[in-house]
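Novice: have a look; sequence and predicted model below, questions after that.
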Amino acid sequence: MLYKLLKETDRDRFEPVVMSLIDRGALRARIEDLGIPVHTVSIKPGVPSLLGFWRLVRFMRKLKPDLVLGWMYHSCLAAQLANFFLPGRTRVLWSIHYSIDSLASEKLLTATVIRACALLSRLASQIIFVSHASQAQHQPLGYSLARSCVIPNGINTSEFVPCSESRSSLRSELGLATDALLVGMMGRYHPVKDYANFLQAAAVISKKFPNANFVLVGQGVDHWNNELRRSIREFGLESKTHLLGERNDIPRIAAALDVFSLASYSESFPNVIGEAMACEVSCAVTDVGDAGWIVGDAGRVVPARDPHALAAAWSEIISLGPAGRMALGRAARTRVIERFRLESVVPRYEAVFTAVLGPETSANSVTMPNQSGMPSLIATFDNTGAQ
């Protein structure tokens, strides 16, 4: 989402610069290809560094940004603390793309950073949450919501489009018949994604619909994942499950599905749902984060950790037949265009920038620290699994 925001930001109004707390090559290269400078303080993941923090302070002193946007917890904390060491305090925004069920489930360092952010949250000029669920979850943690808002992730409806050619080409790649049913899920291999839930539902569906196949995509979702392969084997799904790992053709894969599913037990604003919907693919998702809000009445929403409910939702969508799924898919794309289209989301960020800077302010650069006469914006990011 940071990349999409930077790509669509009005360069006649804002001059963005990115500071990465840790160096992540692929994202860095993509941002630099936009003509946006990317700097790093080279902090090792999971290892706090006073030297790295001081590099951030020196960089901000040199750039003198009009606005700093922290992207995810670690960068929000770093940006807010660095602001204490600037000769003239600048405005710091936070962008939080995470949902929290329990701090006990987080790594010790991450939980500590989340608590520290709660203590400093009143100092932020504005906190942007990616979902209503995330905003509500942070209040009991002590986050000040007085200056907060919700801006959902934006979906590129020009990139994610329905495509009959994608349907045939993916089935050909997988060695499947043209009429094979494909149920898919995308997400890194992580407990919250609940691949076990998906596979249990798949075991139920495969008995009712013998031509159903299952496509899994994401980091760690590949043939080297022995734990995942063992689960697939235990459910008797070896011949029906296709592990594609990380892919760079997500729009093609999404458009090829008959049903997209989210099986997670924790999310904030899952982009993958909106992307599948934009491809006119029917979705069955667990009721986590803002998943239900995204789908609305253009799909099916079921309780988390209930594979039988998930399988029933898949069955209902499959039983609609091609014409019924097409109608539901069209309603899904219409909903995304009306509510989550990238072209309507980016101006909401820019409106926040303008409101915080003030209508009379002329800014030279907006600096964005990333975990991963114009206003200057720095974005900092930390690459800790933003959703």
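Specialist: That came through fine.

Novice: strands of this structure, residue ranges please.
Specialist: 15-20, 38-40, 67-71, 91-96, 126-129, 148-150, 181-186, 212-217, 241-245, 259-262, 282-286, 300-302, 366-370, 376-381 (DSSP state E).

Novice: and the third one, how far from the chain's centre?
Specialist: Using C-alpha atoms, centre = their mean, to the nearest Å, the mean C-alpha position of strand 67-71 is found 18 Å from that of the whole chain.

Novice: what of the fifth one?
Specialist: Centroid displacement of strand 126-129 relative to its chain, using C-alpha atoms, centre = their mean, is 16 Å.

Novice: how about the strands of the chain in TSV, adding mean pLDDT, distance to residue 7 and mean neighbour count?
Specialist: The C-beta positions use only the backbone N, C-alpha and C, and glycine is treated the same way. Below are these laid out as TSV (pLDDT from 0 to 100; distance: least, C-beta to C-beta, whole Å; neighbours: other C-beta atoms under 10 Å):
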stretch	mean pLDDT	distance to residue 7	mean neighbour count
strand 15-20	92	10	26
strand 38-40	91	14	21
strand 67-71	94	15	32
strand 91-96	96	16	26
strand 126-129	97	18	23
strand 148-150	96	22	16
strand 181-186	98	21	24
strand 212-217	98	23	22
strand 241-245	98	25	18
strand 259-262	98	24	29
strand 282-286	98	25	27
strand 300-302	98	31	21
strand 366-370	62	13	32
strand 376-381	56	12	30
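
Novice: now the ones you listed in CSV, with distance to residue 50?
Specialist: Putting these into CSV (distance: least, C-beta to C-beta, whole Å) gives the following:
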stretch, distance to residue 50
strand 15-20, 17
strand 38-40, 16
strand 67-71, 18
strand 91-96, 20
strand 126-129, 26
strand 148-150, 30
strand 181-186, 38
strand 212-217, 39
strand 241-245, 37
strand 259-262, 40
strand 282-286, 41
strand 300-302, 46
strand 366-370, 16
strand 376-381, 17
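
Novice: nearest to residue 202 among those strands would be which one?
Specialist: For residue 202, the closest of these is strand 212-217, at 4.9 Å, according to C-beta to C-beta.

Novice: so, low pLDDT: which residues of the protein?
Specialist: Scanning the chain for pLDDT under 70 picks out 24-25, 359-387.

Novice: the same query, at a cut-off of 50, please.
Specialist: The chain contains residues with pLDDT under 50 at 362-363, 373-375, 383-387.

Novice: how does it divide into domains?
Specialist: 2-154+342-381, 164-339 (automatic domain parsing).

Novice: ok now the last one, how far from the chain's centre?
Specialist: What separates the centre of domain 164-339 from the centre of its chain is 17 Å, taken as C-alpha atoms, centre = their mean.

Novice: one more: stretch 116-136?
Specialist: Worked out by C-alpha atoms, centre = their mean, stretch 116-136 lies 17 Å from the chain centre.

Novice: dump it to PDB, keeping only the CA atoms.
Specialist: Once non-C-alpha atoms are left out, stretch 116-136 reads as follows in PDB (Å, rounded to 0.1, in the frame of the first residue of the first chain):
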ATOM      1  CA  ALA A 116       5.500   2.500  23.800                       C
ATOM      2  CA  CYS A 117       3.500   3.800  20.900                       C
ATOM      3  CA  ALA A 118       0.400   3.800  23.100                       C
ATOM      4  CA  LEU A 119       2.200   6.100  25.600                       C
ATOM      5  CA  LEU A 120       3.300   8.500  22.800                       C
ATOM      6  CA  SER A 121       0.100   8.400  20.700                       C
ATOM      7  CA  ARG A 122      -1.200  11.700  22.100                       C
ATOM      8  CA  LEU A 123       1.800  13.400  20.400                       C
ATOM      9  CA  ALA A 124       1.000  12.300  16.900                       C
ATOM     10  CA  SER A 125      -0.600  14.900  14.700                       C
ATOM     11  CA  GLN A 126      -2.900  12.300  13.300                       C
ATOM     12  CA  ILE A 127      -3.100   8.500  13.500                       C
ATOM     13  CA  ILE A 128      -4.400   6.700  10.300                       C
ATOM     14  CA  PHE A 129      -5.800   3.200  10.800                       C
ATOM     15  CA  VAL A 130      -6.300   1.000   7.900                       C
ATOM     16  CA  SER A 131      -9.500  -0.500   9.300                       C
ATOM     17  CA  HIS A 132     -12.300   0.300  11.700                       C
ATOM     18  CA  ALA A 133     -11.500  -3.000  13.500                       C
ATOM     19  CA  SER A 134      -7.900  -1.900  14.000                       C
ATOM     20  CA  GLN A 135      -9.000   1.500  15.300                       C
ATOM     21  CA  ALA A 136     -11.300  -0.100  17.900                       C
END
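
Novice: of all the strands of the chain, which one comes closest to residue 164?
Specialist: The nearest among those, by C-beta to C-beta, is strand 181-186 at 13.5 Å.

Novice: for the closest one, packing partners?
Specialist: Contact partners of strand 181-186 among helices and strands, from 3 or more C-beta pairs under 8 Å, 6 or more residues apart in numbering; DSSP states H and E: helix 195-208, strand 212-217, helix 250-256, strand 259-262.

Novice: looking at those, which is closest to residue 55?
Specialist: Of all the helices and strands packed on strand 181-186, helix 250-256 comes closest under C-beta to C-beta, at 34.1 Å.

Novice: for that closest one, packing partners?
Specialist: Where contact means 3+ C-beta pairs under 8 Å, 6+ apart, helix 250-256 is packed against helix 164-173, strand 181-186, strand 212-217, helix 271-278.

Novice: could you rerun that using 6 Å?
Specialist: Judged by 3 or more C-beta pairs under 6 Å, 6 or more residues apart in numbering; DSSP states H and E, the packing partners of helix 250-256 are helix 164-173.

Novice: buried stuff in the helix it packs on?
Specialist: Buried residues in helix 164-173, defined by neighbour count with 16 or more other C-beta atoms under 10 Å: 166, 167, 169, 170, 171.

Novice: this completes my enquiry, with thanks.
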